[in-house]
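> No sequence on hand, only this structure:
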């Protein structure tokens, strides 16, 4: 049965390994940092400028989870809302390499690292994306590898891997 | 953890409490961070393979993190009330693996738990230890909703810096030498 919401979006068969995407950028304000921290990560160095100045980082910094969530937003706007996404499977090797300080920008990019078909569900494709988040100075803030399910348009047709294998 | 590295036993389990995910907050979180149709639009979500609205996996992760922070603060208060000096936890370098195992629907209650898997002293940060832990969430039917392998720093209580490090710290207290050493 065709899903009317995703019918005209890119499907698994339309995607190609190695494709790189610029996901755009967002500036992180003090209001955004404090709002997120109050709800999900209420450490003083994410909430209060004075406490933050006296902390290890010397200033107000965003929760690492906020960096991840904002990066996800960029990924949804630029990519996941244009493909027949079936939801995330998770991620691996998430590394917070540098703090995101107040008024910093995050600039994200994604590369399709792998495309494979689910062995148990022929209508499911699995996309793996390598994601890099940099600040306005070009310094890497966060990296991760994310996996997401994508609808397969023709589950009856086997998928040929880059190695020539049929799945 | 607000306990010293030495006081955190491997195998230790910290119960983090529960959270009921209401439709309003599922939509509010997703509208900001994960606006895919099956997280923000109940009618459209009915066409997805989830047969209805589900919470963003990242929403579950963020709520789990909040409950973990609350548990750490509560333990700090308890130790202070007992007249003990709480330990110091440091920044997290990252997450090795996070798996979304089952969807969270509106009205589901997720119970969160933290298990200390392993620990070792840090090679790069003298005086600190690395804690490996697994955070997980289980719904009201006993199904695992998500699980993640976390890494975090925790300070050592009993740490005597090696002679070389103590010498360097002593020399750094002399202003002129400080400038030379830091160059």
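Now that the structure is in, tell me what you want to look at. These numbers come from a predicted model, not from an experiment.

> where do the strands sit along chain B?
B:13-20, B:94-100, B:109-121, B:128-138, B:144-155 (DSSP state E).

> Of all these, which one comes closest to chain A?
Of all the strands of chain B, strand B:94-100 sits nearest to chain A, with 4.1 Å by Cβ to the nearest Cβ. In this view, the C-beta of every residue, glycine as well, is placed from N, C-alpha and C.

> partners of residue 134 in the sheet?
Defaulting to chain A. residue A:107, residue A:140 (DSSP bridges).

> should've been chain B
Going by DSSP bridges, residue B:134 forms beta bridges with residue B:115, residue B:149.

> burial measure for it, as a count.
17 (other Cβ atoms under 10 Å in any protein chain shown).

> show me the contacts for the residue nearest to residue A:70 when sequence neighbours are not counted.
Nearest non-adjacent residue to residue A:70, counting by Cβ to Cβ, 6 or more residues apart in numbering or on different chains: residue A:26, 5.3 Å away. Applying Cβ atoms under 8 Å, 6 or more residues apart in numbering or on different chains to residue A:26 gives the contacts A:70, A:73-74, A:105-106.

> how far away is residue A:26 from residue B:105?
In this view, residue A:26 and residue B:105 are 29 Å apart by Cβ to Cβ, to the nearest Å.

> And the strands in chain A?
Under DSSP E, chain A gives strands at A:20-27, A:85-96, A:105-117, A:124-134, A:140-151.

> For chain B, which segments are assigned as helices?
B:23-33, B:37-40, B:42-45, B:57-81, B:163-172, B:175-182 (DSSP state H).

> re earlier: now the strands of chain B in TSV, with mean pLDDT?
Shown next, in TSV, are these (pLDDT from 0 to 100):
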stretch	mean pLDDT
strand B:13-20	96
strand B:94-100	96
strand B:109-121	96
strand B:128-138	94
strand B:144-155	93
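
> Those into JSON lines, with extra columns for distance to residue A:79?
Listed next are the strands of chain B as JSON lines, based on distance: least, Cβ to Cβ, whole Å:
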{"stretch": "strand B:13-20", "distance to residue A:79": "29"}
{"stretch": "strand B:94-100", "distance to residue A:79": "18"}
{"stretch": "strand B:109-121", "distance to residue A:79": "28"}
{"stretch": "strand B:128-138", "distance to residue A:79": "27"}
{"stretch": "strand B:144-155", "distance to residue A:79": "22"}
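
> So which bits of chain A are right by chain B?
By the rule Cβ under 8 Å from any Cβ of the partner chain, the part of chain A lying against chain B is A:3-5, A:39-43, A:56, A:64-65, A:68-70, A:72-73, A:76-77, A:80-81, A:85-96.

> ok, of the residues you listed, which come out buried?
A:5, A:39-43, A:64-65, A:68-70, A:72-73, A:76, A:80, A:85-92, A:94-96 (16 or more other Cβ atoms under 10 Å in any protein chain shown).

> so who does the residue nearest in space to the middle of chain B touch?
Taking Cα atoms, centre = their mean, the centroid of chain B lies closest to residue B:65, which sits 5.2 Å from it. Residues near residue B:65 by Cβ under 8 Å, 6+ apart: A:40-41, A:65.

> For residue B:77, the count of nearby residues, please.
Neighbour number of residue B:77 under other Cβ under 10 Å is 12.

> where's it relative to residue A:48, distance?
19 Å.
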